[in-house]
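> Predicted structure and sequence below. I'll ask about it afterward.
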Amino acid sequence: MPNPNEAPTQQIDRRFSVAPMMEYTDRFCRYFHRLLSKETLLYTEMVTSAALTHGDTHRHLQFAAQEHPIALQLGGSDPAELAAATRLANAYRYDEINLNCGCPSDRVQSGMFGAVLMKNARHVAACFRAMQDATATPVTIKHRVGVDELDSYPFLCEFVGTVAEAGCHTFIVHARKAWLKGLSPKQNREVPPLDYQAVYRLKADFPDLEIILNGGVTTLQQSLQHLQQVDGVMMGREAYHNPYLLAEVDQRLFHRHTPSPSREDVLEKFCRFVEGELSEGVRLGHMTRHILGLYQGVPGARKFRRHISENAHRPGAGTDVLQQALTALNELRV
């Protein structure tokens, strides 16, 4: 666990981030992504405030020091419980704590948090104040451009304005509305049309706020175009399924003059990390599922994915599975 007595967390550059994704952005995924990009802001999966205050806190909050800059995303609707969860997170030295006001899943709705919170901006403001009062770490809000029939631009402005009055400076805006009835979470990522203009307009109307755009971003070129209008871009599933695009983020978006790591260098470093986790009893398949897209678009990539998928879950499987997968890929590349 990071030492709470260490130097304060770093100032975050939110120019580019990987979205919090349930069942995807666990600590193994984040460690892998950090090997590809030193500058990208990484997010945890959403963790409910109840899970932190009543469950295995360390299991939910632990991360490697190398993962910085890293943000914790919380889900919840009770200000006191969110504040308690935030205080628990303080010892782990996250660089940001984010409140989820955008998730449309049935489970989240039943808990009265996620996208449904957008219907009550004053309550979101109260949640934000409780969280920010509990930490020196910046608290941010992630939300949609609208929810159900509340999808007008004035509604969006009222929501952001109300929460901003409570002291929130950073808003991560998924450029789709959420339909809470009739659409699955997957459909909510695809069916409601993207409305980038609403996010651009929001930045123009609230120039003093930090506005991060999320939704439908699949290339770094698109990211650069969005950055002409907003302060940052968040990429979701494309970064997960085609992770090597992250290797160019530091140079193209952050203007760093360091060479991009090769896929082989990333794999070698990930193997060293995996060996340490295996010694602690972690199953290989829990870690390697996140790297299946490393060779996306490269001849032999299917062979690489298949070998790992078929062998990582076998009893006693170790990093030799990854080396064998690379050998199988290289045989097809010769």
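Yes, it's here.
> Determine how far the helix or strand where Glu268 lies lies from the middle of the whole chain.
Taking DSSP states H and E as the criterion, Glu268 maps to helix 263-279. Mean C-alpha position of helix 263-279 versus that of the full chain (CA atoms, centre = their mean, to the nearest Å) differs by 22 Å.
> So what touches it?
Helix 263-279 is contacted from outside by 28, 31-32, 35-36, 64, 244, 247, 284, 287-288, 291, 294-295, 298, 318-319, 322-323, 326, using CB atoms under 8 Å, 6 or more residues apart in numbering. For the C-beta atoms, the positions are set from N, CA and C on the backbone; glycine is no exception.
> Check stretch 145-160 too.
Residues contacting stretch 145-160 (CB under 8 Å, 6+ apart): 115-116, 118-119, 121, 124, 143, 171, 173-181, 195, 198-199, 201-202, 205-206, 209.
> Would you mind checking those residues for buried ones?
115-116, 118, 121, 124, 143, 171, 173-180, 195, 198-199, 201-202, 209 (16 or more other CB atoms under 10 Å).
> coming back round to it: just the buried residues from the contacts of helix 263-279, in PyMOL please.
Command for PyMOL that selects the buried part of those, burial taken from 16+ other CB under 10 Å:
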select buried, resi 28+31+32+35+36+64+244+247+284+287+288+291+294+295+319+322+326
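> Which of the contacts of helix 263-279 fall within helices?
Phe28, Tyr31, Phe32, Leu35, Leu36, Leu284, Met287, Thr288, Leu322, Gln323, Leu326 (DSSP state H).
> Tell me the one of the residues you listed nearest Lys303?
Leu326 (9.9 Å; CB to CB).
> Just the pLDDT at the closest one, thanks.
Reported pLDDT at Leu326 in the predicted model: 95.
> And Tyr196, by the same measure?
98.
> ok, how many other residues are close to it?
19 (other CB atoms under 10 Å).
> what do you get for the one 4 residues further on?
Using other CB under 10 Å as the criterion, Tyr200 is surrounded by 17 other residues.
> Then the one 4 residues further on?
For Ala204, the tally of surrounding residues (other CB under 10 Å) stands at 11.
> Repeat that for Gln11.
8.
> can you check Arg15 too?
Arg15: 19 neighbours (other CB under 10 Å).
> Tell me the spatial nearest neighbour of it, not counting adjacent residues.
Excluding the flanking residues, the one nearest Arg15 by CB to CB, 6 or more residues apart in numbering is Gly232, at 5.1 Å.
> the helices in the stretch 151-300 of the chain, which residues?
Assigned by DSSP state H, counting those that start in this stretch, the helices in the stretch 151-300 of the chain fall at 153-165, 185-188, 196-205, 220-226, 237-241, 249-252, 263-279, 284-288.
> Check those helices for me: which has the lowest mean pLDDT.
helix 185-188 (a mean of 76).
> in that one, what counts as buried?
Within helix 185-188, the residues scored as buried using 16+ other CB under 10 Å are Pro185, Asn188.
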